[in-house]
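Peer 1: Just a sequence and a predicted model for now, questions to come.
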Amino acid sequence: MESAITISSGSRHRSTKSDEFVELPIEIIIYILQFLSLSDRISASQVCHLWHMASKVLKLHSNELVVLQDDLTRPLQVLENSLGTFLHFVFKEVELGGKLTKFWDRFCPQMQSLSLHTCDISEKTFVHILLKCSHLETLSVNGCRELLMSGRVLEQKSDVILLSKTLVKLRKLSLASNRYLSDALFNRFVAISSNLEDLSLTGCQISFHFGLCKKFYPGDMLKSGYIMASESVLTFSNILQYVVSQAGKIRKLRFGDTLIDNAALSQLAEVPELCLETLHLQSCEQLNNTGILRLTEYQQSLTELDLSNCSRIGDPSFIAICHNLKNLLILNMEACCAITNTGISELCHLTKLVNLNLSHCDQVSGEGIERGLCSSVNLHLQRLNLAALSLDERTVCLIAKNLPRLIYLDLGWCFNAVTDMSIQAICQHQLWLRSLKLTRCDQVTDAGLTGLGLRTRGSEQAEEQKHETEVRTKMEKQINGLLGTSNDGMPHSDRLHRISLRSKAEQDIVNDAKRKKVVLQMCEDQDTEEVENGFSIVRLKGLQELDLRGCNRITDVSLKYAFSFLELRHLNLSLCQQVTDTGISDLASKNPSIETLIMIKCHNITDSGMIKFVTNLSRLKHLELQGCSQLTDASLTAIGQRCSNLKYLDISYCSGMSLEGSEHMELCLPSLYTLYKRGLASKEFPKSSVKEPKQVPPPPKFRFLL
C-alpha cells in the first residue's frame, strides 16, 4: 500500500493514501528554495504546482543572469512565452535591431542590469532602450565599435536630459574595451549617470601623457567642460576632472590593461574626499613601487585591490599594502614576479583578508607562505590561489591546518607540494571546501584520495611521523616490487638480483599498475582491522568543483571508493589515462549533480562506459571528450537520447566518430548550442575529411666545392 508522511499541528504520523494531506506553507517552501542552486530549484519546481509557484517568487531570481548570444530567435521565443521575471541580461555578439521591440517593452521596466558585449546597435535604438530602463542599476557597453565609431551617440542634449532623469538608480557604468571612446563620448555617458559609484575603463586607449593632452587642449580649454571636449582622444586629464567633481560618490574604479603610470595614479590617489573601496589595475605595466606607495598612503579605505600581472611591483609595495590597507578583503597579486618571501611574510597583518591570489609569483616559496599565512589559525580567509608556486608538502599541510574555513583552494602546478600526505591533510581539515584544483599534480595517487593505508595513530608528533614512515615504506615495497623472488620461489636477499633493465617510463607504468593493485586490495579489506584507513576525499561533502587534470596516477579505484558527492557539479579528469569504463560508471551513479565533465584525451574510455555514464546524469550540460580515441557513433547516439539538457559538446579528434553521427545527434538535441567536431571523418570520404598535418620538408643539401 502506498504511504506518505502527513504533517499536522498536533503530531506526525504515517498514513495511507486516503488520509488528508497538509501542504507546507508557501513561505516555508520559498525559504527552502533560497538555499538551493539554480539547477536544484529548477528540479524542485517540477515537484507540484505549489512548489512551481514558490519558485517564481522574485527574490529567488535576483542573482540570475540571462546570457543571449549568436542566434536570438529561439531564446526570444522562450523568454516571451515565459511567466518568470528576469532582471539581469547579457548580450554577446548579436545585432540589436527593431525585431526586439516586444522584448524591450516587456523586460526593460524591471531590468536592473544590461550588458552589451561587442554588439551591433544603432545610436537611436540604444537611446530608445535606455529610456525604458527606469530601474537600471548596472550598464555595460563593452567593445561596441559600431555604436561609438560615428561619435554621434547621445549627441542630442534633450536625450541626455531625459536619460539623466530616467537612470537615477544607475550606480555602475562599464565602458571597457572601447577603442573609439573619446572625451566627448565619455562626458555624455557620465552625464546620464548622475549617481555613479562604480566606473570601469578597462582596456580603453587612454592618453596619460600631459604633452598629448596639451595638443588637443591648448591653453585652458580642458577646463571648458562638456562643450569643448575632444571627439578624437580620451585623456586621463578629462577623466580625472570628472572623478574630482564626483569624489564624494565614486567608490570603485577600474583602469586595468591601460597605460596608467605612477604620476597618474598619484594624482588619482590624492583627489580630495575620494575614498575608494575597489581599485583594479591589472596588467598595468607602467606602474612600479612609487605609484603603489602613494596609493597606500592616501587610499587606506580600500577593501579590494587587483594588481595582477604588474611585473614591476615588488616587496616595498607589498609591505606597504599589508601595513596600510588594514581593511583589505580581496587582494589579487597574480604573476607579480618581483615579489619575494620578504614581502609575503607581512601578510599576517591583513587580518580581514577573505580572498587572496598569489599564483605564478615565481620568487615566492613555502617559507614565505608559512610565515605570512600559517603563523596562526586564520578563520577569515575563504579563497586562496597558490597555483604554480614553489611549495613543498609541509607548507600545504600547514595551510590545511591553519586555514580551516577555505571554500576555494587552487594548488595547480605545485608539483612537489601536492602529495598523498598533503592531500590527507586537506581531507582532514578542509571540510568547508567547495572548489579544489589540483591541475597537473601528478604525485597524487589513489592512496591519497581514498586514505587507505595512510592512517596515523598516537598523540605525539614523533610517533605519528614514525608510523607514517613505516606505512609508506611498506606500501612502496609492495608497489615497486623490491621483495622479488627467485626461480625456486624464495625471496632474494641479494640486491644484484633486483636490477631492472626497464627505462624510467616503463618502470613508472609497472609501478602504477602495482600501486593500483595494492590500493584495490586495501579497498576490499577495509572492513577488517588489517588496513588502517586515513581520510578520504569523500569527507568534503560540500565539494562542487574538482579539477584533477593531468593527475595521471589516479585510477578507477578513486572514482569507485572515494568519489561520492551529492553537490559535485564540475569535474575535470583530462589526461587521467588510467581511468576506464568502470570508473566513470561508478562516478555517474554516485555523483548525480554533475553538470560539467571534461575528459580530454582519456584514451581508455569506450562506448560501454560512456553509455552508462550519460544514462545516469540527467543534468549534464557541458561535456568535453576531445581526443577520446575509442569512442564511436554509439556514444553519440546515447548522448542524443539521454542528455536532453546538454548545451556544450566537444568531440574534436575522436577518431572513432563520424560527421554523420554527430549530425544525427545534433538533430536529437535541440538544447545543444555549441558543438565542436574538428577532425571528424566522413563515412563516405574518410580520407578527405581529416586533414593530416603537413610533414616538415627536409633541409636542402649543400655541396661544398674544394
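Peer 2: Everything's here; your move. These numbers were taken from a predicted model, which means no experiment stands behind them.

Peer 1: Please count neighbours and contacts with C-alpha atoms only from this point.
Peer 2: OK.

Peer 1: Please report the distance of residue 673 from residue 69.
Peer 2: 10 Å (CA to CA, to the nearest Å).

Peer 1: ugh, wrong one, I meant residue 194
Peer 2: Residue 194 is 31 Å from residue 69, by CA to CA.

Peer 1: cool, and residue 85?
Peer 2: Taken as CA to CA, the span from residue 85 to residue 69 is 20 Å.

Peer 1: between these two, which one's more packed in?
Peer 2: For residue 85 versus residue 69, the count of surrounding residues by other CA atoms under 10 Å is larger for residue 85: 19 against 15.

Peer 1: quick one, what contacts that one?
Peer 2: Taking CA atoms under 8 Å, 6 or more residues apart in numbering, we find residue 85 in contact with 56, 58, 61.

Peer 1: Take the residues you listed and lay them out in TSV including distance to residue 218 and secondary structure.
Peer 2: Putting the contacts of residue 85 into TSV (distance: CA to CA, whole Å; DSSP: H, G, I helix; E, B strand; the rest coil) gives the following:
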residue	distance to residue 218	secondary structure
56	59	coil
58	54	helix
61	52	helix
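
Peer 1: can you pick the most crowded of these?
Peer 2: Using other CA under 10 Å as the neighbour criterion, residue 61 leads these with 17 neighbours.

Peer 1: Make sure it is actually in contact with residue 86.
Peer 2: Yes: between residue 61 and residue 86 there is a contact at 6.8 Å, judged by CA atoms under 8 Å.

Peer 1: and which of the contacts of residue 85 is nearest to residue 203?
Peer 2: The shortest approach to residue 203 among those belongs to residue 61, at 31.2 Å (CA to CA).

Peer 1: Quick check: which ranges of this structure have low pLDDT?
Peer 2: Along the chain, segments meeting pLDDT under 70 span 1-22, 219-227, 455-502, 504-532, 687-706.

Peer 1: Domain ranges for it, per the record?
Peer 2: 3-60, 63-250, 580-689 (automatic domain parsing).

Peer 1: Show me where the stretch 351-500 of the chain has its helices.
Peer 2: Assigned by DSSP state H, counting those that start in this stretch, the helices in the stretch 351-500 of the chain fall at 366-373, 393-402, 420-429, 446-450, 461-480.

Peer 1: so who does residue 647 touch?
Peer 2: 621, 622, 671, 672, 673, 674.

Peer 1: What does it show for phi and psi?
Peer 2: Note on residue 647: backbone dihedrals following degrees, to the nearest 10 are phi -120, psi -20.

Peer 1: Look at residue 571 and give its secondary structure.
Peer 2: Look at residue 571: counting by DSSP: H, G, I helix; E, B strand; the rest coil, its state is strand.

Peer 1: pretty sure it is touching residue 547, no?
Peer 2: Yes: counting by CA under 8 Å, residue 571 does reach residue 547; the two are 5.8 Å apart.

Peer 1: What count of nearby residues applies to the residue nearest to residue 567 when sequence neighbours are not counted?
Peer 2: Nearest non-adjacent residue to residue 567, counting by CA to CA, 6 or more residues apart in numbering: residue 544, 5.4 Å away. Other residues within reach of residue 544, judged by other CA under 10 Å, total 20.

Peer 1: How about residue 74?
Peer 2: 8.

Peer 1: cool, the one 4 residues further on as well?
Peer 2: Other residues lying near residue 78 total 10 when counted by other CA under 10 Å.

Peer 1: any idea which helix or strand carries it?
Peer 2: Secondary structure from DSSP states H and E places residue 78 in helix 73-81.

Peer 1: Can you list the buried residues in that helix?
Peer 2: residue 79 (16 or more other CA atoms under 10 Å).

Peer 1: Contacts for the helix or strand just after that helix, please.
Peer 2: Counting by DSSP H and E, the element after helix 73-81 in chain order, helix or strand, is strand 88-92. Outside of strand 88-92, the residues within contact range by CA under 8 Å, 6+ apart are 63-70, 111-119.

Peer 1: Buried residues of strand 88-92, list them for me.
Peer 2: Buried-residue list, strand 88-92, by 16+ other CA under 10 Å: 88, 89, 91, 92.

Peer 1: now do stretch 52-67
Peer 2: Buried residues in stretch 52-67, defined by neighbour count with 16+ other CA under 10 Å: 52, 54, 55, 60, 61.

Peer 1: Quick one: the helices in the stretch 1-150 of the chain, in order.
Peer 2: 26-33, 38-44, 49-54, 73-81, 101-107, 123-132, 145-149.

Peer 1: other SSEs contacting the first one?
Peer 2: Pointing back at helix 26-33 there. The helices and strands touching helix 26-33, judged by 3 or more CA pairs under 8 Å, 6 or more residues apart in numbering; DSSP states H and E, are helix 49-54.

Peer 1: what helices or strands is the helix it packs on leaning on?
Peer 2: Applying 3+ CA pairs under 8 Å, 6+ apart, one finds that helix 49-54 contacts helix 26-33.

Peer 1: If we use 10 Å, what do you get?
Peer 2: helix 26-33, helix 38-44 (3 or more CA pairs under 10 Å, 6 or more residues apart in numbering; DSSP states H and E).

Peer 1: Ok, which of those comes nearest residue 314?
Peer 2: Short answer: helix 38-44, nearest of these by CA to CA, at 42.2 Å.

Peer 1: Buried residues in the closest one, which are they?
Peer 2: Buried residues in helix 38-44, counted by 16+ other CA under 10 Å: 41, 44.

Peer 1: can you list contacts of it?
Peer 2: Contacts with helix 38-44, where a contact means CA atoms under 10 Å, 6 or more residues apart in numbering, come from 29, 32-36, 51-52, 54-55, 60-61, 63-64, 567, 569, 593, 595, 619.

Peer 1: now the helices for the stretch 601-706 of the chain?
Peer 2: 607-616, 633-642, 659-668, 686-689.

Peer 1: Indicate which one of those helices is closest to residue 146.
Peer 2: Taking CA to CA, helix 659-668 is the member of these nearest to residue 146, at 33.9 Å.

Peer 1: Distance from that closest one to the middle of the chain?
Peer 2: 30 Å (CA atoms, centre = their mean, to the nearest Å).

Peer 1: Using CSV, write out the CA atom coordinates for it.
Peer 2: Output in CSV follows, covering the C-alpha atoms of helix 659-668 (Å, rounded to 0.1, in the frame of the first residue of the first chain):
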residue,chain,number,x,y,z
LEU,A,659,30.4,13.6,-39.2
GLU,A,660,27.2,11.7,-40.0
GLY,A,661,26.9,10.5,-36.4
SER,A,662,27.5,14.0,-35.0
GLU,A,663,24.9,15.5,-37.3
HIS,A,664,22.3,12.9,-36.3
MET,A,665,23.0,13.5,-32.6
GLU,A,666,22.6,17.3,-33.2
LEU,A,667,19.1,16.8,-34.6
CYS,A,668,18.1,14.9,-31.4
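
Peer 1: So what touches the helix or strand where residue 584 lies?
Peer 2: For residue 584, the host element (DSSP H and E) is helix 581-590. Outside helix 581-590, the residues within contact range by CA under 10 Å, 6+ apart are 555-566, 568, 594, 604-618.

Peer 1: try stretch 103-115
Peer 2: Residues from elsewhere that reach stretch 103-115 (CA under 10 Å, 6+ apart): 62, 65-67, 76-77, 79-80, 85-92, 98, 128-142, 169-170, 172-174.

Peer 1: try it again with 7 Å
Peer 2: Residues outside stretch 103-115 that contact it (CA atoms under 7 Å, 6 or more residues apart in numbering): 80, 87-91, 129, 132-141.
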